[in-house]
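Visitor: sequence unknown, structure follows:
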């Protein structure tokens, strides 16, 4: 911005916005407009609008959705000859994002078999074989048995070449139909050295993942702290209007891990009433044909809200159900 001869006052205002809120701006002479994130305070909005001399776009999502993609999401929206420069710019940004995005298969109802990137392959995340007549509009859910929640092996091997069929069958499925997700925090794991395996390997259970990280990557503590920070970030966004950029997850997790180790090293060992060291408590699986329910809750008195988490495991320690309210 300095090289482009922007004024120092404007740069300071813009950098303040970058550090605290997200925004979008279209510079096109007299057509320049700006859109602010909901977390932006009115004082900051007024400063920036006054410095730039541009109007603010209100009801940004509602305007574009009703006009350009009323019956689908932004991911399926198509270009329009009547679209403004702002709308075409949004689509170009969407296309750049999708080049590196991958669907995580849940129910499969939102994922197009032929058009979306959903395979666990870095080189070929999309189906490369020719579309089979009669299956042009097939969703990934059509390849999953709705009762057993398992892949329809015979159907898959009949539709796809052996190599693609094996890649599809290697994708793990949940025992319950979950919502398909296009991950938004993939960059968090991409920045952790040693976690490149997540795009290439599949694990049948969380226990297998932990065992792999413990023996191969040898960075289990950081993985656990990153998971906690991701969970904490999700709660912060859900229960408050505070901004928590995904780019801050890894630095905050590393700092929290450093603080945790420092405090643990400085604390004396815990003892019982007799002065004997307390034995560490370990989770143990329930007896055969039984289930164990673990739960935890938290209350937020300032917000008048509470949260509850429940996880149910079988005798092998596998998670059979979970709840978050």
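Guide: Noted; the coordinates are in hand. These figures come from a predicted structure and were not determined experimentally.
Visitor: the chain: strands as residue ranges?
Guide: 23-26, 33-36, 292-300, 305-313, 319-324 (DSSP state E).
Visitor: out of these, flag the one nearest residue 104.
Guide: strand 319-324 (16.3 Å; CB to CB). In this view, the C-beta of every residue, glycine as well, is placed from N, C-alpha and C.
Visitor: how far out from the middle of the chain is that closest one?
Guide: 19 Å (CA atoms, centre = their mean, to the nearest Å).
Visitor: in stretch 307-325, what's buried?
Guide: 312-314 (16 or more other CB atoms under 10 Å).
Visitor: looking at the chain, which helix or strand is least sure?
Guide: strand 23-26 (a mean of 49; mean pLDDT, DSSP states H and E).
Visitor: quick one on the thing from earlier: nearest to residue 268 among the buried residues of stretch 307-325?
Guide: Closest to residue 268, out of all of the buried residues of stretch 307-325 and judged by CB to CB, is residue 313, at 33.5 Å.
Visitor: residues in contact with the closest one?
Guide: 285-286, 291-292, 294, 319-320 (CB atoms under 8 Å, 6 or more residues apart in numbering).
Visitor: now do residue 323
Guide: 308-311.
Visitor: change it to 6 Å
Guide: Counting by CB atoms under 6 Å, 6 or more residues apart in numbering, residue 323 touches residue 310.
Visitor: how close does it sit to residue 46?
Guide: Residue 323 sits 44 Å away from residue 46, taking CB to CB, to the nearest Å as the criterion.
Visitor: who are the packing partners of the longest helix anywhere in the chain?
Guide: Ranked by residue count under DSSP state H, the longest helix found in the chain is helix 220-239. In terms of contact count using 3 or more CB pairs under 6 Å, 6 or more residues apart in numbering; DSSP states H and E, helix 220-239 is assigned the packing partners helix 249-266.
Visitor: got the contact list for the helix it packs on?
Guide: By CB under 6 Å, 6+ apart, helix 249-266 touches 188, 191, 221, 225-226, 229-230, 233.
Visitor: and of the strands of the chain, who's closest to residue 160?
Guide: Set against residue 160 and scored by CB to CB, the strands of the chain come closest in strand 319-324, at 30.2 Å.
Visitor: state the mean pLDDT of the closest one.
Guide: When pLDDT is averaged over strand 319-324, the result is 82.
Visitor: now the angle from it to strand 292-300?
Guide: 20 degrees (axes from the mean of the first three to the mean of the last three CA atoms, to 10 degrees).
Visitor: most remote residue from the middle of the protein, which is it?
Guide: What lies farthest from the middle of the chain is residue 274; by CA atoms, centre = their mean that is 48.1 Å.
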